[in-house]
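Undergrad: predicted model and sequence below, questions to follow.
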Amino acid sequence: MKYLPALLLLGLGGCFAFDDGEQWASRDDIVEAAAACGVPDFVPTKAGDAWAAYVSASVTDHELKEQCIYDHFEKLGLLVTR
């Protein structure tokens, strides 16, 4: 039990934007990419210190639109958490 906090920190480490020299997409970057991918009223989800581009299932073709956003940032070399 005494190691639980350390294990949780290691397990959740991928949810936080530690400065390891990589550039993370900003909230505004994600909003712009979402608009270009067909989600003009998109609101990014806060995930630790970063932003996630989760598109709600209530949006038509949500999986394709979400993937479009992630593909956009992959091409730019920016990170976005899932």
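TA: Perfect, thanks for sending it. All values derive from a computational prediction rather than experimental measurement.
Undergrad: which helices and strands does the one helix or strand Asp28 maps to pack with?
TA: Assigned by DSSP states H and E, Asp28 falls within helix 27-36. For helix 27-36, the packing partners by 3 or more Cβ pairs under 8 Å, 6 or more residues apart in numbering; DSSP states H and E come out as helix 62-76. Where you see a C-beta, it was placed from the backbone N, CA and C, and this is true even at glycine.
Undergrad: excluding chain neighbours, what is closest to the spatially most central residue of the chain?
TA: The residue lying closest to the centre of the chain (Cα atoms, centre = their mean) is Ala52, at 2.3 Å. Once flanking residues are discounted, Ala52 sits nearest to Thr45: 4.4 Å by Cβ to Cβ, 6 or more residues apart in numbering.
Undergrad: ok, the one you found touching Trp51?
TA: Yes: counting by Cβ atoms under 8 Å, Thr45 touches Trp51, with 6.9 Å between them.
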